[in-house]
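Asker: build me a model:
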Amino acid sequence: MHTPSIRPILRKLIRTGIGRFRFLMGTVGMGVAVLFILLAVQTFMNFNELLHGKQNANETADFLVINKEVTAATQGRKELSAFNEAELDSLRQQPFVEKLGTLTASNFNVNVSSYSDAIPFYTDAYFESVPDEFIDVTSEAWAWKPGQRDLPVIIPTFIIDLYNTGMAMSSQNFPQLSLEALKAIPLRVLLKGNGKEMEMVGHIVASSDRLNSILIPQSFMEAANRTLGYRTGAVTTRIVIKTKDPSDPQLVKYLADRGWRTNTDKTRFSKVRVIVNWIVGIVGGIGLVMLLFGMLVFSLFIQLTIASSKRDIELLKTLGASPRQLQAFLMQQFMPVNGVVMLAVVGGLSVIQWVLHRILLGQQMYIPPYVSVATLAAMILVLGLIWLTNRGTVRRYLKD
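Answerer: I've put the predicted structure just below:
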């Protein structure tokens with residue numbers, strides 16, 4: 001225990017050994033370094049919450065339709081546009097894929113026309129089918145059995161919008177039609193292939209925002225392909241995957257490396273994620289460098305303080321102050337300052353976090369109003385590192 005006469009002398013030596021201004025500058029530098037590190041940790045946690053947090057998650061997963069890109073080297077070679085089993089198995093095993101389904105294409109010619117002269121039209125068409133679990137609509141009419149002449153059809157929503165805002169608006173002969181009106185219009189569907197012909201009565205039963213394809217039931221597609229198909233064996237040119245995060249950089253890179261294409265509007269945030277990860281890493285790197293620099297400054301400060309007061313410290317040893325007592329006193333002088341710096345930084349981050357929480361709530365996004373446990377753990381870790389550095393420096397320069 002320090003005697004009352006030694007403590008004031010030690011305190012005076014610490015204050016005059018190196019100067020208050022330099023001590024203040026070292027403290028500020030340390031505070032800025034800690035701020036950068038904790039800010040990087042909190043930014044990463046906020047970003048992770050925005051992407052994967054339950055309160056920011058969509059009610060359903062995202063679905064991506066994937067096909068191979070046709071290039072100058074592959075055009076004219078249709079077999080290169082198909083997926084083989086090895087490619088499908090490899091994709092199924094990827095961590096970003098929850099489910100994988102194949103879009104089955106019509107292997108015959110399709111012509112669609114109107115029975116009514118009020119809305120006359122005729123067009124060639126192209127049908128696809130997909131397992132029901134990948135369809136985002138439910139309808140009792142979405143079913144087909146052998147011998148059934150009615151053919152339920154799901155069309156993409158964008159086709160309805162394109163017709164109503166484009167074709168109907170540019171011509172006096174075409175009225176605008178709601179989805180309900182389209183459901184009431186029967187369609188003459190003529191199927192040809194393999195020297196055979198089949199006529200069905202098509203009915204639009206729903207529209208889909210998920211798959212940009214004209215869909216018919218899987219059961220009818222399989223039966224029609226067997227009867228009318230000009231090609232033997234199934235060929236998979238488009239697949240659909242269910243994924244929690246369509247902007248996952250791993251997913252985007254996987255597709256890009258193989259020349260596969262998908263809806264870029266859903267994957268465009270991948271670049272944003274990579275940029276944010278880089279920014280977080282850079283901020284953390286700067287904070288780490290500054291922390292090392294700050295600890296070096298404090299270490300030098302302690303060394304200079306002890307060196308400038310070496311003669312007086314030796315005198316205090318002669319008067320009965322042991323090296324252990326001197327070490328304990330010096331640590332008591334330096335560490336509380338570092339603790340105050342830590343609390344000030346966390347307090348500032350808490351204010352910033354609360355403000356961001358309120359701002360993002362107005363944008364229908366959620367981050368916690370308080371700093372994360374990881375940030376507090378990082379603060380304790382940094383404080384422990386500073387303590388070890390200071391303790392090592394003091395012990396090294398106050399040896400017997």
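Asker: now do the helices in the stretch 51-200 of the chain.
Answerer: Assigned by DSSP state H, counting those that start in this stretch, the stretch 51-200 of the chain shows helices spanning 85-92, 157-162, 168-170, 179-183.
Asker: could you dump these to a markdown table with distance to residue 145, mean pLDDT and mean neighbour count?
Answerer: From N, CA and C alone the C-beta is placed, and that goes for glycine too. Below are the helices of the stretch 51-200 of the chain laid out as a markdown table (distance: least, C-beta to C-beta, whole Å; pLDDT from 0 to 100; neighbours: other C-beta atoms under 10 Å):
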| stretch | distance to residue 145 | mean pLDDT | mean neighbour count |
| --- | --- | --- | --- |
| helix 85-92 | 29 | 91 | 13 |
| helix 157-162 | 27 | 87 | 13 |
| helix 168-170 | 35 | 84 | 11 |
| helix 179-183 | 20 | 88 | 13 |
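Asker: compare those helices and report which one is nearest to residue 66.
Answerer: Each of those has some distance to residue 66 by C-beta to C-beta; the shortest is helix 85-92, at 8.1 Å.
Asker: chain center to the closest one: distance?
Answerer: 24 Å (C-alpha atoms, centre = their mean, to the nearest Å).
Asker: using JSON lines, lay out the helices of the stretch 51-200 of the chain together with distance to residue 140.
Answerer: Putting the helices of the stretch 51-200 of the chain into JSON lines (distance: least, C-beta to C-beta, whole Å) gives the following:
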{"stretch": "helix 85-92", "distance to residue 140": "32"}
{"stretch": "helix 157-162", "distance to residue 140": "20"}
{"stretch": "helix 168-170", "distance to residue 140": "29"}
{"stretch": "helix 179-183", "distance to residue 140": "13"}
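Asker: nearest to residue 285, of the ones you listed?
Answerer: helix 85-92 (34.9 Å).
Asker: which one of the helices of the stretch 51-200 of the chain lies closest to residue 349?
Answerer: Nearest to residue 349 among the helices of the stretch 51-200 of the chain is helix 85-92; the distance by C-beta to C-beta comes to 41.6 Å.
Asker: report the buried residues of stretch 203-218.
Answerer: 203-208, 210-211, 213-218 (16 or more other C-beta atoms under 10 Å).
Asker: go ahead and confirm residue 353 touches residue 360.
Answerer: No: Residue 353 lies out of contact with residue 360 (C-beta atoms under 8 Å); the separation is 10.5 Å.
Asker: quick one, what contacts residue 217?
Answerer: Listed by C-beta atoms under 8 Å, 6 or more residues apart in numbering, the contact set of residue 217 reads 129, 142-144, 152.
Asker: those, buried ones only, as a PyMOL selection?
Answerer: This is how PyMOL selects the buried members of the contacts of residue 217, with burial counted by 16+ other C-beta under 10 Å:
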select buried, resi 129+142+144+152
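Asker: nearest to residue 116, of the contacts of residue 217?
Answerer: Nearest member of the contacts of residue 217 to residue 116, counting by C-beta to C-beta, is residue 152, at 19.4 Å.
Asker: how far away is that closest one from residue 196?
Answerer: 22 Å (C-beta to C-beta, to the nearest Å).
Asker: and residue 260, by the same measure?
Answerer: For residue 260, the distance to residue 196 - C-beta to C-beta - is 35 Å.
Asker: more neighbours: which of those two?
Answerer: Between residue 260 and residue 196, counted using other C-beta atoms under 10 Å, the more crowded position is residue 260 (16 against 11).
Asker: didn't the more buried one look like it was pressed against residue 64?
Answerer: No: the criterion here is C-beta under 8 Å, and residue 260 misses it with residue 64 at 10.0 Å.
Asker: what is the least confident helix or strand in this structure?
Answerer: Least confident element among the helices and strands of the chain, by mean pLDDT, DSSP states H and E: helix 6-17 (a mean of 56).
Asker: could I get the full set of strands for the protein?
Answerer: Taking DSSP state E as the criterion, the chain carries its strands at 62-68, 99-105, 109-114, 122-125, 127-129, 150-156, 187-193, 196-208, 214-215, 238-243, 260-261.
Asker: off-centre distance for the third one?
Answerer: Average the C-alpha atoms of strand 109-114, do the same for its chain, and the two points are 43 Å apart (C-alpha atoms, centre = their mean).
Asker: likewise for the first one?
Answerer: Distance of strand 62-68 from the chain centroid (C-alpha atoms, centre = their mean) equals 18 Å.
Asker: returning to that earlier point: report the two of the buried residues of stretch 203-218 separated the most.
Answerer: Pairwise over the buried residues of stretch 203-218, using C-beta to C-beta, the maximum falls at 203 and 210, 20.1 Å.
Asker: which ones are touching residue 71?
Answerer: residue 259.
Asker: do you know the pLDDT at it?
Answerer: Note on residue 71: pLDDT of 78.
Asker: render the CA-only coordinates of stretch 174-185 in PDB, please.
Answerer: The C-alpha coordinates for stretch 174-185 follow below in PDB (Å, rounded to 0.1, in the frame of the first residue of the first chain):
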ATOM      1  CA  PHE A 174     -58.300  -3.100 -79.100                       C
ATOM      2  CA  PRO A 175     -60.100  -2.500 -75.800                       C
ATOM      3  CA  GLN A 176     -58.300  -2.500 -72.400                       C
ATOM      4  CA  LEU A 177     -58.900  -5.700 -70.500                       C
ATOM      5  CA  SER A 178     -58.800  -6.500 -66.800                       C
ATOM      6  CA  LEU A 179     -57.600  -9.900 -65.500                       C
ATOM      7  CA  GLU A 180     -61.200 -10.700 -64.700                       C
ATOM      8  CA  ALA A 181     -62.200 -10.000 -68.300                       C
ATOM      9  CA  LEU A 182     -59.300 -12.100 -69.600                       C
ATOM     10  CA  LYS A 183     -60.400 -15.000 -67.500                       C
ATOM     11  CA  ALA A 184     -63.800 -14.900 -69.100                       C
ATOM     12  CA  ILE A 185     -62.500 -15.100 -72.700                       C
END
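Asker: identify the residues contacting that stretch?
Answerer: Contacts for stretch 174-185 (C-beta under 8 Å, 6+ apart): 114, 116, 119, 155, 160, 163-164, 167-169, 203-205, 207.
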